[in-house]
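Undergrad: Model the structure of this input:
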Amino acid sequence: MSGIAGILRRDGRPIEESWATKLGNSLSGTLWRFEESVEISAGTAELVLISETKIKNESSIGDENASAIWDRDTLELHLHRTGNGKNQLYFLDLDEAGDGIVFCSNPMPLLNIAKELELVNAHLVSATQQYLQLGFVTGKDSLLSPVQSVPLQHEMQYANCKKVDFEIDRSSSVAEDLIALVTRIGLPFSDYTLLSKLWMYRNASSKGNTICDGLQDPTARIKDTLKFSRWQGMLSQLPHQKKARDWSKYGITTFDSVFSSSLIEQLTGQQFALPVNPQYRGSIEEQLELYDREVHNPDSIFRGMDAAADIAHVELQICSDGGLPIESYPISSWLRSPQSSLGQLAGDTFTSEDAFCSLPIDKSVVLELFTAHNQESQDFTSELFSLLTLSLWSSQVRA
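TA: Numbers count the residues shown, from 1 in each chain. Down below sits the predicted model:
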């Protein structure tokens with residue numbers, strides 16, 4: 001991985017050297033630096049680029065995974081990420097603090113600069129609630145706001161390649177693989193089948209195979225969505241069912257929700273007023289297809305597949321004829337068992353003092369869910385897994 005960072009100011013003011021120091025300290029190894037000043041009506045536009053690898057071209061830094069390109073003619077800085085999602089890249093739009101941008105492979109110095117400028121995350125509660133609803137965060141809301149993650153650009157080129165049967169060799173440390181996935185994706189996630197993907201990809205890599213994977217057949221999901229939609233429709237006709245009437249408007253997202261609306265409100269201590277509500281027309285099947293194509297797949301599925309492939313050191317091709325079968329593993333019992341690496345990780349994480357740092361999550365509610373799951377009075381596998389990756393991610397970005 002090759003870390004990069006930089007600052008562009010176009011408001012005539014000089015660049016704070018303390019900012020450049022913060023950015024440099026977040027990177028590692030030998031750092032290379034490029035500076036430029038361009039005369040403008042307000043004075044000068046100031047640029048600083050910092051890279052862990054030698055800057056060969058003064059107008060750009062980075063590689064095919066994450067890069068920053070300086071256009072001296074237009075005084076614009078273009079940030080770009082493409083899959084495999086190997087390198088993370090974050091930016092802070094100075095906005096009211098000035099005309100310019102600060103970017104870095106590590107979000108922490110950007111959060112510190114935002115704090116120094118008294119820029120606050122006005123969307124932290126809604127972003128957290130969105131994550132609890134969908135299992136990922138999309139759109140303008142961000143768990144890091146005002147720091148943003150540069151979107152991962154997917155150039156989808158489907159391949160028609162011969163599929164072969166792959167075994168899935170489970171890792172000796174599920175916890176280490178989970179931490180690695182959170183690190184590579186750069187965001188929390190709720191899809192625990194990514195562990196199976198990683199193990200399948202790793203097995204293919206050990207045999208020197210390129211792996212061809214795609215999306216699972218959505219038939220079963222569509223059937224469940226239709227059933228859920230009809231059930232919500234019936235509930236909405238009953239007296240005193242305002243929430244059911246409201247939620248019936250949200251179509252497919254109700255089926256995709258990780259947490260119930262009541263649990264989301266308990267965890268965040270705030271009314272769940274802004275659930276994700278994609279405005280699509282057509283049948284449930286058509287809505288689901290559009291939702292997957294525009295929201296769910298690029299922000300969750302493909303990002304995770306890219307990360308798993310990168311960890312496994314395998315070349316990933318997206319197949320046009322469906323995905324590889326996902327083998328089921330006892331995630332539920334692993335979370336309960338203090339002898340399993342995943343159970344140990346969950347126990348240590350949820351009971352730590354700063355389990356969710358500054359996130360609006362009530363740890364006491366989390367511990368209630370964890371206790372109920374361990375006592376087998378209820379199964380909270382999906383919920384606890386989502387909370388675990390959220391806490392791990394929060395610890396990593398603030399490390």
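Undergrad: the strands in the stretch 251-399 of the chain, which residues?
TA: Assigned by DSSP state E, counting those that start in this stretch, the stretch 251-399 of the chain shows strands spanning 316-318.
Undergrad: Tell me where the model's unsure across it.
TA: 251-254, 399 (pLDDT under 70).
Undergrad: for the stretch 1-150 of the chain, same thing?
TA: The low-confidence ranges in the stretch 1-150 of the chain, as defined by pLDDT under 70, are 1, 83-86, 139-141.
Undergrad: how about the strands in the stretch 1-150 of the chain?
TA: Going by DSSP E, counting those that start in this stretch, the stretch 1-150 of the chain shows strands at 4-9, 32-40, 43-51, 60-62, 66-71, 76-82, 90-93, 100-104, 147-149.
Undergrad: Turn the ones you listed into TSV, including distance to Val258 and mean neighbour count.
TA: Any C-beta I mention is one placed from the backbone N, CA and C, and that applies to glycine too. Formatted as TSV, the strands of the stretch 1-150 of the chain follow (distance: least, Cβ to Cβ, whole Å; neighbours: other Cβ atoms under 10 Å):
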stretch	distance to Val258	mean neighbour count
strand 4-9	33	25
strand 32-40	43	13
strand 43-51	38	21
strand 60-62	34	23
strand 66-71	29	19
strand 76-82	26	17
strand 90-93	25	22
strand 100-104	30	24
strand 147-149	20	20
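Undergrad: and of these, who's closest to Asp354?
TA: Closest to Asp354 of these, according to Cβ to Cβ: strand 147-149, at 19.2 Å.
Undergrad: What's the end-to-end length of stretch 257-272?
TA: End-to-end distance for stretch 257-272: 13 Å, by Cα to Cα, to the nearest Å.
Undergrad: what's the answer for stretch 137-147, then?
TA: With Cα to Cα applied, stretch 137-147 spans 14 Å between its terminal residues.
Undergrad: Would you quantify the distance from Glu58 to Leu49?
TA: Counting by Cβ to Cβ, to the nearest Å, the gap between Glu58 and Leu49 amounts to 8 Å.
Undergrad: From the recorded domain assignment, give the ranges for this structure.
TA: Listed domain ranges for the chain are 4-119, 155-217+289-397 (source: automatic domain parsing).
Undergrad: Please pick out the residue of this structure most distant from its centre.
TA: Relative to the centre of the chain, and counting by Cα atoms, centre = their mean, the farthest-placed residue is Ser41 at 39.9 Å.
Undergrad: measure Met234 to Ser333 for me?
TA: For Met234, the distance to Ser333 - Cβ to Cβ - is 35 Å.
Undergrad: Could you do Asp213 as well?
TA: From Asp213 to Ser333 the distance is 27 Å (Cβ to Cβ).
Undergrad: next one: Ile222
TA: Counting by Cβ to Cβ - Ile222 and Ser333 are separated by 30 Å.
Undergrad: Between those two, which is the more surrounded one?
TA: Applying other Cβ atoms under 10 Å to Ile222 and Ser333 shows that Ile222 carries more neighbours, namely 17 against 13.
Undergrad: Figure out the helix or strand that the more buried one lives in.
TA: Using DSSP states H and E, Ile222 maps to helix 219-235.
Undergrad: now that helix: mean pLDDT?
TA: Helix 219-235 carries an average pLDDT of 76.
Undergrad: Can you name every helix or strand that that helix contacts?
TA: With contacts taken as 3 or more Cβ pairs under 8 Å, 6 or more residues apart in numbering; DSSP states H and E, helix 219-235 sits against helix 242-248, helix 252-256, helix 284-291.
Undergrad: now that helix, how far from the centre of its chain.
TA: Here helix 219-235 is found 27 Å from its chain centre; the criterion is Cα atoms, centre = their mean, to the nearest Å.
Undergrad: Report the buried residues of it.
TA: Residues of helix 219-235 classed as buried by neighbour count (16 or more other Cβ atoms under 10 Å): 222, 225, 228-229, 232.
Undergrad: What of stretch 15-26?
TA: 15, 19-20, 22-24, 26.
Undergrad: Could you do stretch 306-317 as well?
TA: Neighbour-count burial for stretch 306-317 [16+ other Cβ under 10 Å]: 306-312, 314, 316-317.
Undergrad: Quick one: end-to-end length of that stretch, please.
TA: Termini of stretch 306-317 sit 10 Å apart (Cα to Cα).
Undergrad: What is the burial count for Gln378?
TA: Neighbours of Gln378 (other Cβ under 10 Å): 9.
Undergrad: ok, it - contacts?
TA: Listed by Cβ atoms under 8 Å, 6 or more residues apart in numbering, the contact partners of Gln378 are Ala372.
Undergrad: For it, grab phi and psi.
TA: Dihedral pair for Gln378: phi -150, psi 160, per degrees, to the nearest 10.
Undergrad: Can you tell me how far it is from Ile185?
TA: From Gln378 across to Ile185, the span is 28 Å (Cβ to Cβ).
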